[in-house]
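Colleague: Structure for this input, please:
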Amino acid sequence: MIAVSLSDEAATATLAARIAMLAKPGDVIALRGDLGAGKTVFARAFIRAWTRIDEEVPSPTFTLVQIYNTAAAAIWHFDLYRLTSAEEVWELGIEDAFASGISLIEWPERLGTLLPPNRLDVALEFGDQPAVRHAVLPGDAGWCHRLSEISVDA
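Modeller: Numbers count the residues shown, from 1 in each chain. Predicted structure coming up:
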């Protein structure tokens, strides 16, 4: 498990871009944290690292999912805040995302037992100053190995 202090949104974006460079098809990244903790900031920077820096990345709060096609894999950005039951994700195509895409999931706890055990969790918490966040990154063995290859000090 890795823990890092993030001084501002730019630091969160830097961490997301570094993790994006380690991601591969089939990866699931669960973004955890309270409202305003930085989950969408992280997701936008992750997606832009795979696409373009000026890529429009709207929050999928109302659509529940946005898909970004890249040469290597589709990135599926889920926001499950409005989900009323875990089974609703089947209608969103989550099985395709898990099989061949890269899945970024905000509010992953809404999936219950459908959340794959092989994943990277990114838990974002508020710090002691308004812009500061703390990130804790527990992951499966594969992610722990990949994260050890980079500096995550953002």
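Colleague: Please count neighbours and contacts with C-alpha atoms only from this point.
Modeller: Noted.
Colleague: Next up, the contacts around the spatially most central residue of the chain.
Modeller: Geometric centre of the chain, nearest residue: Leu104, 3.9 Å, by C-alpha atoms, centre = their mean. Shown in contact with Leu104 (C-alpha atoms under 8 Å, 6 or more residues apart in numbering): Val28, Ile29, Ala30, Leu31, Ala43, Ile75, Trp76, His77, Phe78.
Colleague: What residues sit buried inside the helix or strand bottoming out on mean pLDDT in the chain?
Modeller: Here the helix or strand of the chain ranked lowest by mean pLDDT, DSSP states H and E is helix 141-147, holding a mean of 87. Across helix 141-147, burial judged by 16 or more other C-alpha atoms under 10 Å covers Trp143, Leu147.
Colleague: Residues in contact with it: which ones?
Modeller: With contact meaning C-alpha under 8 Å, 6+ apart, helix 141-147 is reached by Met1, Ile19, Leu22, Arg119, Leu120, Pro138.
Colleague: Can you tell me which of these are classed as buried?
Modeller: Among the contacts of helix 141-147, those classed as buried by neighbour count (16+ other C-alpha under 10 Å) are Ile19, Arg119, Leu120, Pro138.
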